[in-house]
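A.B. asks: the sequence isn't on hand, but the structure is:
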C-alpha cells in the first residue's frame, strides 16, 4: 500500500513538473512570437498563424485544473530564433503528450491534448 502511494506521489510530481514547464514554455513562445511580429513591417502577416497557435496552445493548457495556481515565469525574448521556437514547440508537444498519459484527471488530460494539438500546429507554422 505504501509503495503504491509513493508511486502515485512520484507520478503526480513528474506530471506537475511537465505541466508547469510546458505552461512556461508556451507563455515564453507566445511573447517571443508577438515581439517578432511587432518588429517587422509585415510581421503580423508573417507570424500571425504561429502567434495564433501559440496563444491557443497556451490558453488550452491553462484550462487544466491542475494548473489553476501555476503562474508562468517571466523569461526574456533575447536571442530567440525561429529555429529555437520550432525546437521549443516540438519539445512542448512531446511533453504535453507525456503529461496527458500521466494525467489522472480527465480534464487535465483533455487540456494537455488540446494544447499539444495547437503546439504541433505552431511547430508546423514555424517551418
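C.D. replies: Received the coordinates, thanks. Computed from a predicted structure; not experimentally measured. Numbering: from 1, shown residues only.

A.B. asks: from here on, just use CA atoms for contacts and neighbour counts.
C.D. replies: Fine.

A.B. asks: how close does residue 61 sit to residue 53?
C.D. replies: Counting by C-alpha to C-alpha, to the nearest Å, the separation of residue 61 from residue 53 is 12 Å.

A.B. asks: my bad, should have said residue 115
C.D. replies: 9 Å.

A.B. asks: of these two, who's got more company?
C.D. replies: Of the pair residue 115 and residue 53, residue 115 is the one with more neighbours under other C-alpha atoms under 10 Å, namely 31 against 23.

A.B. asks: mind listing what the more buried one touches?
C.D. replies: With contact taken as C-alpha atoms under 8 Å, 6 or more residues apart in numbering, residue 115 is in contact with 56, 57, 58, 59, 60, 61, 93, 96.

A.B. asks: switch to 10 Å and redo it
C.D. replies: 22-23, 26, 53-64, 92-93, 96-97, 109, 121 (C-alpha atoms under 10 Å, 6 or more residues apart in numbering).

A.B. asks: check residue 88 too.
C.D. replies: 22, 25, 26, 28, 29, 82, 94, 119, 123.

A.B. asks: then residue 49?
C.D. replies: 55, 121, 122, 124, 125, 126.

A.B. asks: identify the contacts common to residue 115 and residue 53.
C.D. replies: Taking C-alpha under 10 Å, 6+ apart as the contact rule, residue 115 and residue 53 both touch 26, 59, 121.

A.B. asks: which one of these sits in the busiest neighbourhood?
C.D. replies: Counting neighbours by other C-alpha under 10 Å, residue 26 leads the shared contacts of residue 115 and residue 53 with 27 neighbours.

A.B. asks: give me the distance between the nearest residue to it once chain neighbours are set aside and residue 29.
C.D. replies: Counting by C-alpha to C-alpha, 6 or more residues apart in numbering, residue 58 is the residue found nearest to residue 26 once chain neighbours are left out, at 5.4 Å. From residue 58 across to residue 29, the span is 9 Å (C-alpha to C-alpha).

A.B. asks: now list whatever residues contact both of these two.
C.D. replies: 23, 119.

A.B. asks: any idea how far residue 127 lies from residue 52?
C.D. replies: Distance check for residue 127 against residue 52: by C-alpha to C-alpha, it reads 15 Å.
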